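K.L.:
missing the sequence, but the structure's below:
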């Protein structure tokens, strides 16, 4: 009997179910666990109090990212500079102590491989296709870009995975986001995912795992796929996936934690079998025409509040849903924007290029291509470029990108989460705007009173040059 | 896990949609290594607005919060659940919840009760002056009036909550099954269970 056609998600899920309870809850095996300093200390403490061990320290990798200042970390004599914020220092110290105490491999704050956990995982080949990957961070969805079932978990679940290498889960529903056609010039994966979230809404994927399908993704680089999957959570989906293919295999081969030799060949053979079968069905399906996607920016305080750069700030009355009207009024009040204002008229004082969404080498190249030979506008007070990892930073420097950034008036920083979430010294002051390549424009996300406009690295660079939100296509090919 | 059966008392009629985890607890509160004391930072940005429902005297110590669609969207921070618990909230009623938040709520014994928008609207009205009761055993929300709204709950989560079961303890009892799964996988996909870690190799 031929087996029922299955989706990529269903194949990975089925391969990881240890046991299924009568009530439908499944005990699911976790292949890779990434740990950072913010969501783990309470989990380690609970293990300690209960006298429990980490079941598979060898499947666990820890790296600090959220709290680390992105200013230099070493003094001239090579000693580590202290972290001024005492709470941050204590949290970082806790991870540095917990990892070895529980036998977990730890990338320390000054190691060349240190970086944002979602940049480090794929870069090290620790994240692999067909695996289940978790981390106490909602942007774990990013790793779906290499074809892993990857999702964020809370601290109690971190503790559960540390103790048992499993989670108790119910299967998700499946959702297909199919993008047909071809993205236009100057339109990047970030614009595409912002557009998708605008279409499906921030709760559009709730209860679902999204699989991104179609020619646009088949042609997309691994970096672009990581960007798209990263923001699945902004569309409400705990995980997003793209079928692993030759592009992914080429990216992963030879990476430090990836299999090699015969094991690599065997792995690739299995990975090739994971793509969604012909005839498999999804619980929900959304089709998007790539030709409809323009360089996109956010205007409000929810990632679904997006508009093409050529557009205007919408009027709250333009929304059918009364609660959305109310939310839009609040958003515009917070953002200090009037309905009808062209997005290109919005001035920005801060530029942030970085975060787990957009801090990989391609992102830095795209921004640098716009900045080359140009300088930031006079009204741009603060512009920073924050590579996603030490290795990204090193590569960018080898390519001379750091000089392009600094000559344009950017600060070139050490790797970390930086101004994405206001947990470290990189913050946007109250009332000021930031053109930001990060993933969330929530109230206060980049600092109390901060006003975030989400956009792509190329668009952030264009905003830096003109001092206002700008269609990057106008600066291309000049 | 703490045992949970019935929650009864005043309910804060917040009503807002898309209450994200940065609103529930801003990131600067996340630098703690403890689960305690986060109530001070809960809903900080909303509480800075005069006349917000959290500061209404009648709602001091209220165990229930009523919100709009997509409550708890955003980050995976369990600090959101800890902060709510610390300010005395043990249940949230909303038309929908983010997946990660509802899991975190459950692990901390906070009931995340999903009801259709019209019923939530009715409860927002009632809550202004009257208490609300959530009965987990019978899966029903009631008011001092005739309202009787039934809700769905994951049977396993209900069982754990009613009996105060420790999920990790339960899973550790499945150790033999987990070990068997590991053995089967290491036979068919050996690379999966053994990352190489060549990171520390000398250059």
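P.N.:
Thanks, I have it. Please read all numbers here as calculations on a predicted model, not as lab measurements.

K.L.:
now do the contacts for the nearest residue to residue A:91 once chain neighbours are set aside.
P.N.:
Leaving out its chain neighbours, the residue that sits closest to residue A:91 by C-beta to C-beta, 6 or more residues apart in numbering or on different chains is residue A:37, at 4.9 Å. All C-beta atoms are positioned from the backbone trio N, CA, C, and that covers glycine. Contacts were defined as C-beta atoms under 8 Å, 6 or more residues apart in numbering or on different chains; by that measure residue A:37 touches A:64, A:65, A:66, A:67, A:91, A:92, A:94, A:95.

K.L.:
same list (those residues) but as JSON lines, adding secondary structure, pLDDT and neighbour count.
P.N.:
Shown next, in JSON lines, are the contacts of residue A:37 (DSSP: H, G, I helix; E, B strand; the rest coil; pLDDT from 0 to 100; neighbours: other C-beta atoms under 10 Å in any protein chain shown):
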{"residue": "A:64", "secondary structure": "coil", "pLDDT": "98", "neighbour count": "27"}
{"residue": "A:65", "secondary structure": "coil", "pLDDT": "98", "neighbour count": "30"}
{"residue": "A:66", "secondary structure": "coil", "pLDDT": "98", "neighbour count": "24"}
{"residue": "A:67", "secondary structure": "coil", "pLDDT": "96", "neighbour count": "26"}
{"residue": "A:91", "secondary structure": "helix", "pLDDT": "97", "neighbour count": "25"}
{"residue": "A:92", "secondary structure": "helix", "pLDDT": "98", "neighbour count": "24"}
{"residue": "A:94", "secondary structure": "helix", "pLDDT": "98", "neighbour count": "18"}
{"residue": "A:95", "secondary structure": "helix", "pLDDT": "98", "neighbour count": "24"}
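
K.L.:
show me what from the stretch 1-150 of chain A comes close to chain B.
P.N.:
Within the stretch 1-150 of chain A, the positions near chain B by C-beta under 8 Å from any C-beta of the partner chain are A:18-19, A:21, A:23-25, A:27, A:29, A:31-32, A:38-39, A:41-42, A:45, A:50, A:52, A:55, A:58-59, A:61, A:66-67, A:85, A:87-88, A:90-91, A:94, A:105, A:107, A:113, A:124, A:126, A:128, A:131, A:136-138, A:140.

K.L.:
list only buried entries from those.
P.N.:
A:18-19, A:25, A:27, A:29, A:31-32, A:38-39, A:41-42, A:45, A:52, A:55, A:59, A:61, A:66-67, A:85, A:87-88, A:90-91, A:94, A:105, A:107, A:113, A:124, A:126, A:128, A:131, A:136-138, A:140 (16 or more other C-beta atoms under 10 Å in any protein chain shown).

K.L.:
strands - which of these land there?
P.N.:
A:18, A:19, A:27, A:29, A:32, A:61, A:105 (DSSP state E).

K.L.:
report the two of those separated the most.
P.N.:
Farthest pair in these (C-beta to C-beta) is A:19 and A:105. Separation: 28.5 Å.

K.L.:
quick revisit: just flag the most distant two among the contacts of residue A:37.
P.N.:
Pairwise distances across these peak at 14.2 Å for A:65 and A:94 (criterion: C-beta to C-beta).

K.L.:
residue ranges with poor pLDDT in the stretch 301-450 of chain A?
P.N.:
For the stretch 301-450 of chain A, not a single residue meets the criterion pLDDT under 70.

K.L.:
and if you look at chain B?
P.N.:
B:198-203.

K.L.:
ranges for the helices of the stretch 201-350 of chain A?
P.N.:
Here the stretch 201-350 of chain A has its helices, by DSSP state H, counting those that start in this stretch, at A:215-219, A:222-230, A:246-252, A:262-272, A:322-335.

K.L.:
do the fourth one and chain B meet at all?
P.N.:
This points to helix A:262-272. Yes. Helix A:262-272 lies within reach of chain B by C-beta under 8 Å from any C-beta, at A:263, A:264, A:266, A:267, A:270.

K.L.:
any idea which of those is closest to chain B?
P.N.:
Nearest to chain B among the residues of helix A:262-272 next to chain B, counting by C-beta to the nearest C-beta, is residue A:263 at 4.0 Å.

K.L.:
show me what contacts that closest one?
P.N.:
B:190, B:191.

K.L.:
give the buried residues for the longest helix anywhere in chain B.
P.N.:
Among the segments of chain B that qualify as a helix by DSSP state H, the longest is helix B:175-188. Within helix B:175-188, the residues that count as buried by 16+ other C-beta under 10 Å are B:178, B:181, B:182, B:185.

K.L.:
report the separation between the second one and residue A:168.
P.N.:
Pointing back at residue B:181 there. 14 Å (C-beta to C-beta, to the nearest Å).

K.L.:
same deal with the first one?
P.N.:
In this structure, residue B:178 and residue A:168 are separated by 12 Å, where distance is defined by C-beta to C-beta.

K.L.:
same check on residue B:127?
P.N.:
Taking C-beta to C-beta as the measure, residue B:127 falls 33 Å from residue A:168.

K.L.:
quick one: which of the two has more around it?
P.N.:
residue B:127 (25 against 22; other C-beta atoms under 10 Å in any protein chain shown).

K.L.:
which parts of the chain belong to which domain?
P.N.:
All of this refers to chain A. A:8-169, A:296-474 (automatic domain parsing).

K.L.:
oops, chain B please
P.N.:
Using automatic domain parsing, the domains assigned to chain B come out as B:6-163, B:166-194.

K.L.:
export those as TSV, with columns for distance to chain A.
P.N.:
As requested, the domains of chain B are exported to TSV (distance: least, C-beta to the nearest C-beta, whole Å):
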stretch	distance to chain A
domain B:6-163	4
domain B:166-194	4
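
K.L.:
hey, which of these is tucked in deepest?
P.N.:
Greatest average neighbour count among these goes to domain B:6-163 (a mean of 20), per mean count of other C-beta atoms under 10 Å in any protein chain shown.

K.L.:
end to end on that one, go ahead and measure it.
P.N.:
13 Å (C-alpha to C-alpha, to the nearest Å).

K.L.:
and stretch A:261-279, by the same measure?
P.N.:
First-to-last residue span, stretch A:261-279, C-alpha to C-alpha: 34 Å.

K.L.:
ditto for stretch B:131-139
P.N.:
One end of stretch B:131-139 to the other measures 17 Å (C-alpha to C-alpha).

K.L.:
turn the domains of chain B into TSV, columns for distance to residue A:456.
P.N.:
As requested, those are exported to TSV (distance: least, C-beta to C-beta, whole Å):
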stretch	distance to residue A:456
domain B:6-163	21
domain B:166-194	35
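
K.L.:
grab the nearest non-local neighbour of the residue nearest the centre of chain B.
P.N.:
Of all residues in chain B, the one closest to the mean position by C-alpha atoms, centre = their mean is residue B:105, 1.9 Å from it. Leaving aside its chain neighbours, residue B:105 sits nearest to residue B:112 (4.5 Å; criterion: C-beta to C-beta, 6+ apart).

K.L.:
wait, is the one you found part of a strand?
P.N.:
Yes. Counting by DSSP: H, G, I helix; E, B strand; the rest coil, residue B:112 falls inside a strand.

K.L.:
does it really touch residue B:90, like I thought?
P.N.:
No. Judged on C-beta atoms under 8 Å, residue B:112 makes no contact with residue B:90 at a distance of 10.8 Å.
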